[in-house]
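Trainee: I'll drop the sequence and a predicted model, then ask my questions.
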Amino acid sequence: MEYLNVYASKLIPERELFASGHKACQGCAPALALRYLLKAAGPNTIVCNATGCMEIISSAYPDISWGVPWIHVAFENAAAVASGVEAGIKALQRKGKISKGKVNIIAIGGDGATFDIGMGPLSGLLERGHDVLYLCYDNEAYMNTGIQRSSGTPKYASTTTSPAGDVIPGQQTVKKDLAQIAIAHQVSYVATASTSYPVDFIEKVKKALATDGAKLIHIFAPCPTGWRAKPKDIIKLGRLAVQTGLFPIYEYCNGRYKMTFDLPFLKSIKYYLKIQGRYRHLTEEMIKELDEDLKQRYRWLETLARETKEAK
C-alpha cells in the first residue's frame, strides 16, 4: 500500500487549484472530479462552467473555489461560450495582443446541462472542432434543483420526476450513451472515467489536453444525496459501477477503442444496486433485465476494442 501511495503521489500534482471549503454535500464525487481536473490541467486554464451543482457550491458570493480564470454561464451554453473563448484566444494571439502558446479551454456541465439542455451547443462544438475539452460530470439527475430525472438517469432509478410507484417503477427510458454520441462526430479523443479511479482520470485529462481539436470526457460521479446513499460508500459505488460493467471506462483515440481495465469477469449488479435507496423498489426480474443489458453492452465495447487493436 505504501508503494502505491508513493506511485500515486508522483502522478498526481500536489498543487490545489480547486480550493477546499466549498459548499458541496459530504461525499460529493463531482467536487472530486473538479479537484482532479485542475490538478491535471494546471494554472494555464480557462473554465466555462454551466449552471448546476458545481457552479453553485463553488462560487457563492463573496467566496470562490476556483484558482484559474472561471466563467459561470447559463445552463445550456457552456460549450458555446467555450467555443467563443477558444476562438477569441486564437484571434488575440494572431493579432499579437497576447503571447502565443497553449491555453487549456475547458467547458464543464453536469448530465442535465450536457445530455439534455446543452446537447445542441455541445454538438456544435464537436462538429466545428474547437480546441476545447468538454467535461461532463455525471451524477445521473438534476441534483441541484431537486433530483429530477435527466436523460442520463438510468432505467428504473427513482427520482422526484420519475418516482417509483406500483404502475410506473421509476425511470422508463435507458441512459443516453454520451461517449458514443461524441464519437459519432468523428473527434480525435473521447474517454469515460470515474472519480473512484483518480490516476486514470488525471492521465486521460492530460492526454485530452495534449490532443488538438474537440474532445470529451464523461466522468461517473456518484451523488450521495440524490442516490440515497451513504457518503462513505461513494468511492465504493464508483468502483462497483466499473467492476459490474454498468459504467465501462475506456478511450477512443483516433478511431481506436481501448478498454481501461481488462476485466476477466463482471461482478453482479446487485452489489451496486443494494446500497442505493433509489433502487430499493427493484424486483428480481428488473435486476436481471438490467444485468443482461449492461453485460451485452460491455461485451460489445470489448469487441470494438479487440477489433481496433487487431486492425492496428
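Mentor: Nice, thanks for sending it over.
Trainee: make it CA atoms for all contacts and neighbour counts henceforth
Mentor: OK.
Trainee: Show me where the protein has its strands.
Mentor: Using DSSP state E, the strands found in the chain span residues 45-50, 70-73, 104-110, 133-138, 189-194, 215-220, 250-253, 256-259.
Trainee: Need the ones you listed in CSV (columns: distance to Leu237, mean neighbour count and mean pLDDT).
Mentor: Rendered in CSV, the data for these read as follows (distance: least, C-alpha to C-alpha, whole Å; neighbours: other C-alpha atoms under 10 Å; pLDDT from 0 to 100):
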stretch, distance to Leu237, mean neighbour count, mean pLDDT
strand 45-50, 25, 23, 98
strand 70-73, 30, 18, 97
strand 104-110, 18, 26, 98
strand 133-138, 13, 26, 98
strand 189-194, 10, 26, 98
strand 215-220, 10, 26, 98
strand 250-253, 18, 20, 96
strand 256-259, 20, 19, 96
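Trainee: Would you mind giving those as JSON lines with distance to Pro154 added?
Mentor: Listed next are those as JSON lines, based on distance: least, C-alpha to C-alpha, whole Å:
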{"stretch": "strand 45-50", "distance to Pro154": "22"}
{"stretch": "strand 70-73", "distance to Pro154": "27"}
{"stretch": "strand 104-110", "distance to Pro154": "15"}
{"stretch": "strand 133-138", "distance to Pro154": "11"}
{"stretch": "strand 189-194", "distance to Pro154": "16"}
{"stretch": "strand 215-220", "distance to Pro154": "12"}
{"stretch": "strand 250-253", "distance to Pro154": "19"}
{"stretch": "strand 256-259", "distance to Pro154": "22"}
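Trainee: Indicate which one of those strands is closest to Pro169.
Mentor: Judged by C-alpha to C-alpha, the one of the strands of the chain that comes nearest to Pro169 is strand 133-138, at 22.1 Å.
Trainee: The closest one vs strand 104-110, what angle?
Mentor: The directions of strand 133-138 and strand 104-110 differ by 20 degrees, with axes from the mean of the first three to the mean of the last three C-alpha atoms, to 10 degrees as the criterion.
Trainee: partners of strand 133-138, with directions?
Mentor: Sheet pairing here is set by DSSP bridges, and for strand 133-138 it gives strand 104-110 (parallel), strand 215-220 (parallel).
Trainee: so what's Glu16 up against?
Mentor: By C-alpha atoms under 8 Å, 6 or more residues apart in numbering, Glu16 lies in contact with 35, 38-39.
Trainee: do the same with Leu273
Mentor: Contact criterion C-alpha under 8 Å, 6+ apart gives 279-280 as the residues in contact with Leu273.
Trainee: ok, it to Phe265 distance?
Mentor: When C-alpha to C-alpha, to the nearest Å is the yardstick, Leu273 and Phe265 sit 18 Å from each other.
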